[in-house]
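> With the sequence up front, the predicted model follows.
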Amino acid sequence: MSTLNKVWSEIKKHKSFLIVTHHNPDADAACSALAMAMALKSLGKKTLVLNEDKLPDWLEFLPHSKNFHKKLPTTICDFDLAIVLDCGDFERTGGVAKCIAGKKMINIDHHISNDNFGDINLVFPKASSTCEILFDLFKEAKIKMNKDLAKLLYAGIMTDTGSFRYDNTSAKTHEIIAELMKFKISASDLYQRLYVGIPSKEIKGFIDVIHSAELLFNNKVYCVMLPLKVTNGLSKGFDLKEKIFGFLRSVEGIEVVVIFQELSSRQTRVNLRSQNYMDVAKLASQFNGGGHQRAAGARVDWGLVESKKKILAAVKRSL
């Protein structure tokens with residue numbers, strides 16, 4: 001029996017599901033969670049989509065986004081099966097992990113660093129995104145596709161491939177997109193919503209962040225620090241880190257961009273992007289993080305200054 005069949009065989013046995021993705025969700029994480037909830041509801045199943053963090057403001061336009069919850073209802077433990085999506089390791093579920101303890105779990109993901117933490121693991125590192133895996137899963141189960149479901153899958157695939165520019169974009173990716181486009185999705189509209197421009201009132205703040213970027217290691221690495229006072233001073237209406245990555249990766253000769261975001265005085269989120277040869281997933285794994293060869297991250301229990309010192313030392317060794 002294929003893993004796809006094993007997943008659906010297990011799903012058929014149960015009535016209620018907790019659907020979880022990683023903290024600080026991106027579009028692929030959010031879209032895969034919402035799409036899974038839609039698919040299960042079409043089968044008459046009871047679902048709850050839960051995350052440690054709220055859905056980012058710029059993703060609230062997604063179909064059925066109101067089904068994405070942050071707070072824990074009192075009946076949280078009253079479910080049969082947990083489905084964890086787009087998480088390279090179980091710890092990335094954050095505080096929601098305690099709700100799943102002792103429950104059977106399906107792990108669906110495409111990160112090369114995934115450690116197969118589920119009772120059933122549907123992990124395909126060659127897939128462009130978790131939404132691409134779900135397309136195959138839904139097709140196997142003969143889930144009836146509709147425009148909302150197609151839009152969620154399209155959005156997840158589109159963003160995790162960098163609008164089909166990254167190396168993870170395959171012939172199969174384009175074949176799936178062609179199938180989804182049959183539902184008359186407006187690629188232009190989705191692009192405008194997913195790649196929200198910087199609001200005019202935020203331009204000065206964004207320019208200040210870019211101006212503060214440090215060029216290091218023979219002009220191959222850009223490092224950006226985001227203290228709480230900076231992130232709190234900017235709106236949540238656009239994806240600040242993706243705008244930074246997009247701008248700095250366009251500089252000629254840059255191999256790596258590292259962003260350090262202060263979460264508290266003793267905790268920092270680190271995001272890394274590489275251009276050509278550095279495996280940032282391997283680098284992030286040194287700090288209990290993970291991701292893809294060209295895009296990865298970690299959450300470390302150090303302040304900004306110490307995080308910068310230790311992570312950049314690892315980056316230098318990798319270069």
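Sure thing, it's come through.

> For the protein, just list every one of the helices.
For the chain, applying DSSP state H gives helices covering 3-12, 27-42, 97-100, 130-140, 147-160, 171-180, 187-194, 203-212, 228-231, 240-248, 280-285, 304-318.

> which stretch in the ones you listed has the least confidence?
Ranked by mean pLDDT, the helices of the chain end with helix 97-100 at the bottom, a mean of 88.

> helices or strands up against that one?
Judged by 3 or more CB pairs under 8 Å, 6 or more residues apart in numbering; DSSP states H and E, helix 97-100 is in contact with strand 16-21. In this view, the C-beta of every residue, glycine as well, is placed from N, C-alpha and C.

> Can you check what angle separates the strand it packs on from helix 3-12?
For strand 16-21 against helix 3-12, the angle by axes from the mean of the first three to the mean of the last three CA atoms, to 10 degrees is 130 degrees.

> buried stuff in strand 16-21?
Residues of strand 16-21 classed as buried: 17-21 (neighbour count, 16 or more other CB atoms under 10 Å).

> roughly how far out does it sit from the chain middle?
The chain centroid and the centroid of strand 16-21 are separated by 16 Å under CA atoms, centre = their mean, to the nearest Å.

> ok, it: who's next to it in the sheet?
Strand 16-21 has these partner strands in its sheet, going by DSSP bridges: strand 46-50 (parallel), strand 81-85 (parallel).

> Buried deepest among the ones you listed, which one?
Among these, ranked by average contacts under mean count of other CB atoms under 10 Å, first place goes to strand 81-85 (a mean of 26).

> how far is that one from where the chain is centred?
Distance, centroid of strand 81-85 to centroid of chain: 15 Å (CA atoms, centre = their mean).

> And for that strand, what's in contact with it?
10-11, 13-14, 16-21, 29, 32-33, 36, 90, 93, 100, 103-109, 117-118, 130 (CB atoms under 8 Å, 6 or more residues apart in numbering).

> State the mean pLDDT of that strand.
Strand 81-85 carries an average pLDDT of 97.

> how about stretch 122-133 as CSV, C-alpha atoms only?
What follows is stretch 122-133, C-alpha atoms only, in CSV (Å, rounded to 0.1, in the frame of the first residue of the first chain):
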residue,chain,number,x,y,z
LEU,A,122,3.9,11.5,4.0
VAL,A,123,7.2,13.3,3.3
PHE,A,124,8.3,14.1,-0.2
PRO,A,125,11.4,16.4,-0.2
LYS,A,126,11.3,16.7,-4.0
ALA,A,127,7.9,18.3,-3.9
SER,A,128,7.8,22.0,-4.4
SER,A,129,5.5,22.6,-1.4
THR,A,130,3.2,20.9,1.0
CYS,A,131,0.3,22.1,-1.2
GLU,A,132,1.8,20.1,-4.1
ILE,A,133,1.7,17.0,-2.0
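
> if I read this right, Asp148 contacts Pro63, doesn't it?
Yes: contact status for Asp148 versus Pro63: in contact at 3.8 Å, counting by CB atoms under 8 Å.

> who has more neighbours, the two?
Pro63 (18 against 15; other CB atoms under 10 Å).

> Let me know the pLDDT of the residue lying farthest from the centre of the chain.
Within the chain, the residue lying farthest from the chain centre (CA atoms, centre = their mean) is Asn218, at 30.9 Å. For Asn218, the pLDDT comes out at 96.
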